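> What would the 3D arrangement of this be:
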Amino acid sequence: MDDRPRNSKGQWLPGHVPPTAFKKGEVANPKGRPKSVWNIPEGEEVEYSKQDLEKMLKYMSTRNREQLKAIVANPKSTATEINVATAIISDIKAGKIWTLDSLWDRMFGKPKQTSELEGGLNIQPPAILIEQSSKDEDDD
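Below is the predicted model of the structure:
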């Protein structure tokens, strides 16, 4: 066990560092951060429009489990189609609709909700009294 001083929470005291800390001049990642995490060949950038995603969700939400499994198994399916189909299949197994709800909410926003208060609350703004002194009263 390391006998260097720690506080009551087990944290190292100032001036005392754990044995795993980097030494002065030592670099954790000498090559630096990678230029890009995306390996998309130039000219192949794909962007789904809102209409494309809406069409895909409408299509997938009307498919049965076997049709969704066929989408997942199709080598021409995109990663987005596979992920959405897989999530919907999981929801079907669990008897939930969380995936479709959350995708629709992210694409189009949640509907506004209104609340009504009952009970006859009669809230009046506080009265503000302003006293003005006349110029004649100030001269006395």
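> any idea how far residue 31 is from residue 25?
Distance, residue 25 to residue 31, using Cβ to Cβ, to the nearest Å: 17 Å. No exception for glycine: its C-beta is placed from N, CA and C like everyone else's.
> same deal with residue 104?
Distance of residue 104 to residue 31, computed by Cβ to Cβ: 42 Å.
> ok, these two, which is more surrounded?
It is residue 104, of residue 104 and residue 31, that has more neighbours when counted by other Cβ atoms under 10 Å, with 17 against 6.
> now for whatever helix or strand residue 92 lives in, which elements pack on it?
Secondary structure assigned from DSSP states H and E places residue 92 in helix 79-94. On a contact count with 3 or more Cβ pairs under 8 Å, 6 or more residues apart in numbering; DSSP states H and E, helix 79-94 meets helix 50-61, helix 65-73, helix 98-108.
> Dump these to a markdown table, plus mean pLDDT and distance to residue 128.
Output for the helices and strands packed on helix 79-94, formatted as a markdown table (pLDDT from 0 to 100; distance: least, Cβ to Cβ, whole Å):
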| stretch | mean pLDDT | distance to residue 128 |
| --- | --- | --- |
| helix 50-61 | 84 | 50 |
| helix 65-73 | 92 | 64 |
| helix 98-108 | 82 | 44 |
